[in-house]
Every structure is written in structure tokens, then in C-alpha cells.
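>>> quick one: sequence plus predicted model below, questions after.
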Amino acid sequence: MDDAFFCFACGRDHRPDSGIGRGHRRFGIEGGHETGGVFSDLREFYLQTKGIDAAFAILGFDVRVRPHRFGRGWPSEADVDRAFREAAKVAHPDRGGDPREFRKLQWAVEILRRYRPTA
């Protein structure tokens, strides 16, 4: 599935021409085709909820943080960086890994850094 995209709302790869793929395109890690207004608000909401859960799963954390913004139960920044480095050793394209899987790792660590609650 070369043209597939990763949907953080459901945690699966979708083909853009499938029925589910058309409906979930706005939840792809590269962004959807809709911009502004309700669509950007909806995307931001999903990033702050399902996107964080998907990022934890991609990096191999088995945590459920509810609600996300309070930060109770988040892995430490060092643990997130360590998990990213370990997974990147395998998934990096320069080491024979899949570029799509490496992009998922980059996206996951970016989301966890962006939405980490501050004290």
C-alpha cells in the first residue's frame, strides 16, 4: 500500500480511495485537504485526544492518560526520547527500515512533545 496513509483517529493505514480512507483523510498524520473553521478545530481536538493515544501506541507505551492535558501518567521526556531512539534504530530508512514507519515515529514524538502538559 504505497499510497496509504496512517490515520491517528483509528490507528490504521488506509487507502485514500477507499470509503473509510475518504472519511478519515483529515486525520492523516500529514494533514487533510480541508482547512480552516470546523475542520481545523476538529483536527486539533482529535490530535489532543486520539492523536496522543496513537502516539503512545506507536512508541510502545501502554499508558492511558485521562484527561491528557493534566499530565498524570505521562512517561517522562527521557522515556519518550529513549523509546523514539530505540524504535528509530530499526525503522530509519538509512538502516534499511520503512520510511512510512519512520515518519510515524517522527510524528508520534512530535505530538508528545507538542502536547505535553507544563507544570
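Nice, I can see it. Residues are numbered from 1 along each chain as shown.

>>> okay, now the unreliable bits of the protein?
1-2, 8-9, 11, 20-43, 67-71, 119 (pLDDT under 70).

>>> can you show me the helices along it?
Taking DSSP state H to define them, one finds helices in the chain at 19-24, 37-46, 52-58, 77-91, 99-114.

>>> looking at those, which one is packed in the most?
Most buried of these by mean neighbour count (mean count of other C-beta atoms under 10 Å) is helix 52-58; its value is a mean of 22. Every C-beta, even on glycine, is put in place using the N, C-alpha and C of the backbone.

>>> same list (the helices of the chain) but as a markdown table, adding distance to Cys10.
Putting the helices of the chain into a markdown table (distance: least, C-beta to C-beta, whole Å) gives the following:
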| stretch | distance to Cys10 |
| --- | --- |
| helix 19-24 | 7 |
| helix 37-46 | 10 |
| helix 52-58 | 9 |
| helix 77-91 | 21 |
| helix 99-114 | 14 |
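
>>> and those helices: which comes nearest Arg66?
helix 52-58 (9.8 Å; C-beta to C-beta).

>>> who are the packing partners of that closest one?
Judged by 3 or more C-beta pairs under 8 Å, 6 or more residues apart in numbering; DSSP states H and E, the packing partners of helix 52-58 are helix 99-114.

>>> tell me what angle the helix it packs on forms with helix 77-91.
170 degrees (axes from the mean of the first three to the mean of the last three C-alpha atoms, to 10 degrees).

>>> same for helix 99-114, what does it pack against?
strand 5-7, helix 52-58, helix 77-91.

>>> 6 Å instead, please
helix 52-58, helix 77-91 (3 or more C-beta pairs under 6 Å, 6 or more residues apart in numbering; DSSP states H and E).

>>> nearest to Arg64, out of these?
helix 52-58 (7.6 Å).

>>> and Phe61, what are its phi and psi?
Taking degrees, to the nearest 10, you get phi -90, psi 140 for the backbone angles of Phe61.

>>> now it, nearest residue through space, not along the chain?
Pro75 (5.6 Å; C-beta to C-beta, 6 or more residues apart in numbering).

>>> how deep is that neighbour tucked in, by neighbour count?
Pro75 has 17 neighbours, counted by other C-beta atoms under 10 Å.

>>> thanks a lot, catch you later.
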